[in-house]
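Participant: need coordinates for the following:
(one chain, ligands or ions: 1)
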Amino acid sequence: MAAGIDDIAVYVPRLYLDADDFARLRGVDATKLRRGLGVHQMAIADSNQDPACLAANACLRIMRKNGLEPSDVGRLYVATESSFDESKAMNAYVVGMLEQAYGSGAFEHCGGVETKFACVSGSYALYDNANWIRAGEAEGQGALVVVSDIAKYDMGSSGEMTQGAGAVAMLLNDRPRLLAFDPRVAATSIRDEYDFYRPFGKETPIVHGQYSNLLYLIQVRKALEAYKKKALASGLIRLDAGPGADDSILDHIDHLNMHLPYSNMGRKALAYLVRHEWRGLPRWKKVIEEAGMDEPEPNDPRGTIESVLADGDFMRKDHEFQRRLTATSRFREVYESKLASSLIASSMVGNLYTASLYLGFRSTLEFEHAKGADLAGRRFGFGSYGSGSSAMVFSGVIQEEYAETVNRMKLEEEIGPRTRLSVEQYVQIHENRLSPEQAVLPPKEFVLVGVDSSPESRGERRYSYGG
Ligand code: CAA
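Facilitator: Just a heads-up that it's a prediction; the model follows:
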C-alpha cells in the first residue's frame with residue numbers, strides 16, 4: 001500500500017529579527033550571517049506563543065485548507081525538541097486547542113505521542129505513521145505529523161546567529177497527492193554523542209558548534225551509505241557498475257532536502273556527500289583538475305572528530321578545498337539543480353529544528369514549481385539529522401497530480417505580513433521579560449494566555465483562539 005505526504009501547511013511567527021540588526025547588536029559582520037551562514041531573517045516567537053500553539057496553528061491550516069473533519073484524522077503526532085513538560089505530550093495540548101475550533105471531544109479517537117530525538121524526530125514520526133498506513137491500520141483516515149520548534153540559543157553564543165521558530169504540519173495518507181515514500185529504503189545511523197543537548201530545566205541548549213557541524217556530516221553520510229545498500233538491494237536504484245562506470249547514487253536522486261540549522265548547512269552537506277560519493281569515480285579526476293588542488297588528508301591518523309578539528313593545518317586546507325570544490329562547474333550544476341531551491345525558505349525564516357527539513361521540502365516544491373520545473377515522477381531524497389545523535393535518509397517520488405496542491409503554495413502569503421523587531425524588543429522577548437498579555441502583536445489564531453504558577457497547578461497552560 002502506498003503511503004506519503006498529501007499536503008503541507010506552514011505556520012511561522014510574524015515577528016523577525018533582521019540579520020543586519022543582529023549583527024549590529026553583537027558587533028559581528030552582517031556578511032558572516034548573510035553570506036557565511038545564509039541567514040537573512042530569523043522568525044521570533046512572540047511572548048504569547050509556544051511550540052504547542054505554533055503546532056496547533058499549522059494543524060488548523062492544513063485541516064481548513066483540505067476541508068478535513070476531525071474524523072478524517074486517525075493520528076496526530078507532534079515532533080519537537082522545545083518541549084516544556086517532561087510528561088504531558090505536546091499533541092495533547094494541540095488536541096485541546098483544535099477542540100476549541102472543532103468542539104469538545106472531536107479528537108477523542110485520535111491517538112498519538114510527542115516524539116523526541118532533536119531535529120530528526122519528525123522523520124521518525126513520519127516513518128512510523130507511514131508504516132501505520134502501510135499496515136492497513138488507517139482504514140481510510142489520514143495522519144497528521146506536526147514538527148514544531150522554537151530554536152533559541154543563549155544570548156551572545158555562537159548559536160544565537162542561527163535561531164528561528166515555526167511549525168510544519170504534514171498530512172499523510174494512502175493516496176498522497178504530493179509525494180509517495182519509497183518503500184524499504186529508509187536508513188538510519190545512531191551514536192551516543194554530546195554535540196548539542198538541553199538538560200532538564202534549561203531553556204536553551206549546550207552546543208559544541210563546530211563539533212556538531214562535523215558530526216552532522218558524518219552521520220548523514222553513514223545513513224546515506226545504509227540507504228544506498230537498501231536501494232540497491234531492493235532494486236529501487238540500479239547503478240551502472242560496468243568498466244569505467246561513472247555512476248553515483250546522488251545521480252539517481254533528483255532533488256535533495258537536507259536538515260537546515262542554517263541555510264548554508266545544506267551546501268556544506270552536499271559538498272561533503274559529493275566528496276564521498278564521487279571520490280572513487282572517473283569524474284573525480286576532472287573535478288580535482290578544475291579545483292586545482294588535491295583533497296587534503298588529516299595529519300593525525302586517529303581520524304576522530306576531536307583530532308580533525310584540532311588539526312589547524314588540515315582544517316585550513318580542507319576549508320580551501322571545499323571552497324574550490326563548490327566553485328567547480330560540476331558541483332555548481334548539482335547544487336543548482338538538486339539543492340538551491342530548498343534553501344530559500346530557510347534564509348527567510350531561520351532554524352526551525354525539527355521543521356527545518358520539511359520547510360526545505362516545501363521550499364523545493366514551491367520554488368522549483370515557480371521556475372517552471374515539472375516535478376512529477378522526480379525522486380526527492382531527505383537527509384535528516386538530530387543531535388545526540390542520529391541521522392535518517394529516505395526518499396520518495398513526486399506524484400502526477402502534485403501541481404494542483406503546489407499551485408496554492410505561496411510562502412510569503414502563508415506567513416503573512418511580518419514585523420521587524422527592534423533589538424530592544426528582541427532582547428525583551430529572548431530574556432522572557434514580556435508576559436503573554438504584553439505580546440508585540442495583537443492575538444491572532446491560537447495563542448498562549450498564561451501559565452499557572454500556583455503550587456497545585458504549576459505549569460498548566462491556557463490557550464485561546466484570537467481569530
Ligand atoms: N564574511 C563572510 N563569511 C564569513 C565571515 C565574514 N565576515 N566570517 C565567517 N564567515 C563564514 C565562515 O567562513 C563560515 O563559512 P564556511 O562554513 O563555509 O566555512 C561561516 O561563515 C560560519 O563561520 P564560522 O564557522 O566561523 O562560525 P561560528 O563558528 O561562529 O558559528 C556555528 C557557526 C558553529 C554553526 C554556530 O552558529 C552554532 O554553534 N550554531 C548552532 C549549532 C548548529 O547549528 N550546528 C549545526 C549542526 S547540529 C544540527 O544541525 C542540529 C541543530 O539543528 C542545531
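
Participant: show me what contacts the residue of the stretch 101-250 of the chain found nearest the ligand?
Facilitator: Of the stretch 101-250 of the chain, the residue with the smallest distance to the ligand, taken as CB to the nearest ligand atom, is Gly209 at 2.6 Å. Heads up, the C-betas are built off the backbone N, CA and C, glycines and all. Contact analysis of Gly209 by CB atoms under 8 Å, 6 or more residues apart in numbering lists Ser158, Gly159.

Participant: look at it and report its pLDDT.
Facilitator: pLDDT for Gly209: 96.

Participant: can stretch 304-317 be said to contact the ligand?
Facilitator: No - using CB under 6 Å from any ligand atom, we find that stretch 304-317 stays clear of the ligand, coming within 9.6 Å at best.

Participant: for the residue in the stretch 251-400 of the chain that the ligand sits nearest to, which non-adjacent residue is closest in space?
Facilitator: Proximity of the stretch 251-400 of the chain to the ligand (CB to the nearest ligand atom) peaks at Pro261, 3.4 Å away. In space, and not counting its chain neighbours, Pro261 is closest to Asn351: 5.0 Å by CB to CB, 6 or more residues apart in numbering.

Participant: correct me, but the residue of the stretch 251-400 of the chain closest to the ligand touches Ala355?
Facilitator: No - the pair Pro261 and Ala355 fails to qualify as a contact (CB atoms under 8 Å) at a distance of 11.5 Å.

Participant: run a quick neighbour tally on Glu333.
Facilitator: Residues lying near Glu333 (other CB atoms under 10 Å) number 10.

Participant: what do you get for the one 4 residues further on?
Facilitator: Close neighbours of Ser337, defined as other CB under 10 Å, add up to 14.

Participant: and the pLDDT for it?
Facilitator: Model confidence at Ser337, given as pLDDT, is 98.

Participant: that one in helix, strand or coil?
Facilitator: helix (DSSP: H, G, I helix; E, B strand; the rest coil).

Participant: so who does it touch?
Facilitator: Residues counted as contacts of Ser337 (CB under 8 Å, 6+ apart) are Asp254.

Participant: rewinding a little: among Pro261 and Ala355, which residue is more densely surrounded?
Facilitator: Taking other CB under 10 Å, Pro261 and Ala355 do not tie; Ala355 has more neighbours (35 against 28).

Participant: verify the stated contact: the more buried one with Ile150.
Facilitator: No - Ala355 is not in contact with Ile150 according to CB under 8 Å; the separation is 10.4 Å.

Participant: ok, now how distant is the residue of the stretch 101-250 of the chain closest to the ligand from Asp21?
Facilitator: Distance of Gly209 to Asp21, given as CB to CB, to the nearest Å: 22 Å.

Participant: tabulate the CA atom coordinates of stretch 180-199 in CSV.
Facilitator: Output of stretch 180-199 as CSV, limited to C-alpha atoms (Å, rounded to 0.1, in the frame of the first residue of the first chain):
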residue,chain,number,x,y,z
ALA,A,180,4.8,8.7,-2.1
PHE,A,181,7.6,7.3,0.1
ASP,A,182,9.9,4.8,-1.4
PRO,A,183,9.3,1.5,0.5
ARG,A,184,12.1,-0.4,2.4
VAL,A,185,14.9,2.1,1.9
ALA,A,186,14.6,4.5,5.0
ALA,A,187,18.0,4.1,6.7
THR,A,188,19.4,5.4,9.9
SER,A,189,22.7,5.9,11.8
ILE,A,190,22.9,6.5,15.5
ARG,A,191,25.6,7.1,18.1
ASP,A,192,25.6,8.4,21.7
GLU,A,193,27.1,11.9,21.5
TYR,A,194,27.1,15.3,23.2
ASP,A,195,27.2,17.8,20.3
PHE,A,196,24.0,19.7,21.2
TYR,A,197,21.7,18.9,24.1
ARG,A,198,19.4,20.6,26.6
PRO,A,199,19.4,19.2,30.1
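
Participant: contact residues of the stretch 201-350 of the chain facing the ligand?
Facilitator: Val207, Gly209, Gln210, Ser212, Asn213, Tyr216, His259, Pro261, Met265, Lys268, His319.
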